[in-house]
Structures are given as C-alpha cells and as structure tokens.
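A.B. asks: Fold the following and give me the result.
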Amino acid sequence: MKKAWRIIITITLIVILLGAIFIGVGLITGADTERMFSVLDNRYNLQEWIEYILEVQDIVWSVFSSDAPVSSDALVMGVG
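C.D. replies: Okay, the predicted model is just below:
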C-alpha cells in the first residue's frame, strides 16, 4: 500500500509541476491571466466548482456551529 500511495503522490506532484511550468511559460510569453482563466472555466466550469465548494463550506459550517436543520438536497450540485 505504501508503494501505491508513493506512486499516486508522485504522479500528482508531476502533474502540479507541469501545470505550473505551462502557466509560467504562458505568462512569460505574454498571456493574459483572465484569458487563461476563461479558457479553463469554459472547459472545466471552475467558477461553478468554486461556488459549489464555498456553498458546501457554508452549509457544513452552519451545521457544526448551530442546531438548525439542513435539507437533504443541500449538497447536490446542479448541472448547467
């Protein structure tokens, strides 16, 4: 199991490193960060994921900080 986790962590670090290199090369060659974000957002819906994660964080925080009931579909992400 240690070997499997080592492989997973190694692959993850390589992907993060390659992403950082590609972003760095893009910035060096004069790319606009807003355009880079818009391209990624169009493909992977980053803005929706960010909003979803923040909403889940707020819901989880409210559950642990108060006794207010939470509906069962509160953590379902909408499509579209």
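A.B. asks: Residue 5: how many residues sit nearby?
C.D. replies: 9 (other C-beta atoms under 10 Å). Every C-beta, even on glycine, is put in place using the N, C-alpha and C of the backbone.
A.B. asks: actually residue 42, not the one I typed
C.D. replies: Taking other C-beta under 10 Å as the criterion, the count of residues near residue 42 is 10.
A.B. asks: ok, so what distance separates it from residue 3?
C.D. replies: With the distance defined as C-beta to C-beta, to the nearest Å, residue 42 ends up 38 Å from residue 3.
A.B. asks: Residue 19 too?
C.D. replies: Using C-beta to C-beta, we find residue 19 at a distance of 25 Å from residue 3.
A.B. asks: And the helices in this structure?
C.D. replies: Remark: helices assigned in the chain by DSSP state H are 2-28, 33-44, 46-65.
A.B. asks: Adding mean pLDDT, write these out as TSV.
C.D. replies: Formatted as TSV, the entries for the helices of the chain read as follows, by pLDDT from 0 to 100:
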stretch	mean pLDDT
helix 2-28	94
helix 33-44	87
helix 46-65	89
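A.B. asks: coming back round to it: residue 19 and residue 3: which is more packed in?
C.D. replies: More crowded of residue 19 and residue 3, by other C-beta under 10 Å: residue 19, with 10 against 7.
A.B. asks: Can you report how many residues lie near residue 47?
C.D. replies: With neighbours defined by other C-beta under 10 Å, the count for residue 47 comes to 13.
A.B. asks: How about residue 10?
C.D. replies: Using other C-beta under 10 Å, the number of residues around residue 10 comes to 10.
A.B. asks: Contact partners for it?
C.D. replies: The contact partners of residue 10, taken as C-beta atoms under 8 Å, 6 or more residues apart in numbering, number zero.
A.B. asks: mind starting the numbering at 45 from now?
C.D. replies: Okay, using 45 as the starting number, the last item reads as residue 54.
A.B. asks: That one and residue 62: what is the separation?
C.D. replies: Computed with C-beta to C-beta, the distance linking residue 54 and residue 62 is 13 Å.
A.B. asks: Residue 53 too?
C.D. replies: Shown here: residue 53 relative to residue 62, a distance of 15 Å by C-beta to C-beta.
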